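Colleague: here is the input, now give the coordinates:
(one chain, ligands or ions: 1)
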Amino acid sequence: MLQLKQIYKVFNEGSVDEKIALNKLSLSLDPGDFVTVIGSNGAGKSTLLNIVAGRIIPDDGDVLIRDKKMTDVKEFKRSRYIGRVFQDPMAGTAPTLTIEENLAIAYSRIHKRTLKSGVSSKRREFFKGHLESLGLGLENRLQAKVGLLSGGERQALSLLMATFTKPDILLLDEHTAALDPSRAELITNLTKKLVENGNLTTIMITHNMQQAVDLGNRLIMMDRGQIIFSSQGEEKKKLTVNSLLNEFSKIKGNGALSDRALLG
Ligand SMILES: Nc1ncnc2c1ncn2[C@@H]1O[C@H](COP(=O)(O)OP(=O)(O)OP(=O)(O)O)[C@@H](O)[C@H]1O
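Modeller: Sure, this is the predicted structure:
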């Protein structure tokens, strides 16, 4: 579904601030793969997502989605293939528009010709059905302005908007990090459900090791622009936070490394 081939990205090349963000990174995801991404600050995790989304163009290497080269496909065009949820609950939705208007915009991303002024009753029922699946009662607040929702509700809506159009790739950029623990748990559970139901190919960055271990069928650890550890299938199911920390210490050759060193 997604292939990243030898992706190389350097910022401020040739200056004292030169930073190799991704160093010939390769990754291949099958349909339905759900990979959690961990790594220290500056490891290149966000750059990776930005390159998949088309926000950043790599200096070298290829991005392929469904075997189609994305090199010349601009970010706004890629949004047809890609759903994304950011850390900031304010980032994925329009506050001055209603819940159903926000959903209509997300829907129009893939069904261009169906964008009309107003929302038809059939479409409204469709939206309601999806909102019900969140279990937050938002299906009864279709006309509420999104700016009035709580951070957790807004992030749940962002998640729904990013997934209900069944994107080829779902990108989750620390999307639970800004929420309080109970809301974060709610969004984590919703993520699990929506990804499983839609069999969505997903990349999720997290600084929460437990979340990285619990979610998905694959896990990668990044450091200095490279994947330094990767686990999947049965092996991934057996991972624990401690075994991951041990793995990181072994690779970095420093037994004294702490959770904090890995998570930044
Ligand atoms: N637009 C940019 N200009 C210059 N340097 C950048 C830019 N974006 C990222 N970098 C640098 O590239 C490296 C990788 O950054 P990136 O944000 O991808 O890391 P990250 O793993 O997501 O880190 P964090 O966990 O702190 O968010 C860092 O050293 C960062 O300072």
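Colleague: for the helix or strand containing N197, name the packing helices and strands.
Modeller: In the assignment (DSSP states H and E), N197 maps to helix 181-198. Helix 181-198 sits against helix 151-163, with contacts defined as 3 or more CB pairs under 8 Å, 6 or more residues apart in numbering; DSSP states H and E. Backbone N, C-alpha and C define where each C-beta goes, glycine included.
Colleague: ok and the helix it packs on relative to helix 181-198, angle-wise?
Modeller: Relative orientation of helix 151-163 versus helix 181-198 (axes from the mean of the first three to the mean of the last three CA atoms, to 10 degrees): 20 degrees.
Colleague: now the element after helix 151-163, going C-ward?
Modeller: For helix 151-163, the succeeding helix or strand toward the C-terminus, using DSSP H and E, is strand 169-173.
Colleague: what angle separates that following strand from helix 181-198?
Modeller: Direction vectors for strand 169-173 and helix 181-198, defined by the same axes, to 10 degrees, enclose an angle of 170 degrees.
Colleague: what does the stretch 1-150 of the chain put close to the ligand?
Modeller: Within reach of the ligand by CB under 6 Å from any ligand atom, the stretch 1-150 of the chain has these residues: F11, N12, K19, A21, G39, N41, G42, A43, G44, K45, S46, T47.
Colleague: okay, who's weakest in the residues you listed by pLDDT?
Modeller: Lowest model confidence among those falls on N41, which carries 89.
Colleague: would you mark the buried spots in the helix holding N197?
Modeller: R183, A184, L186, I187, T188, L190, T191, L194, V195, G198 (16 or more other CB atoms under 10 Å).
Colleague: quick one on the thing from earlier: which pair of the residues of the stretch 1-150 of the chain next to the ligand spans the longest distance?
Modeller: The widest separation within those, taken as CB to CB, falls between N12 and G39 and amounts to 20.7 Å.
Colleague: neighbour count: those two, which is higher?
Modeller: G39 (26 against 9; other CB atoms under 10 Å).
Colleague: give me the pLDDT for the residue nearest to that one when sequence neighbours are not counted.
Modeller: Counting by CB to CB, 6 or more residues apart in numbering, the nearest residue to G39 once its immediate chain neighbours are dropped is M222, at 3.5 Å. According to the prediction, M222 has pLDDT 95.
Colleague: and if you look at G198?
Modeller: With respect to pLDDT, G198 has a value of 92.
Colleague: repeat that for L262.
Modeller: L262 is given a pLDDT of 56.
Colleague: cool, and N102?
Modeller: For N102, pLDDT reads 93.
Colleague: ditto for K250
Modeller: At K250, the model reports a pLDDT of 80.
Colleague: for it, pull up the helix or strand it's in.
Modeller: Judged by DSSP H and E, K250 forms part of helix 241-252.
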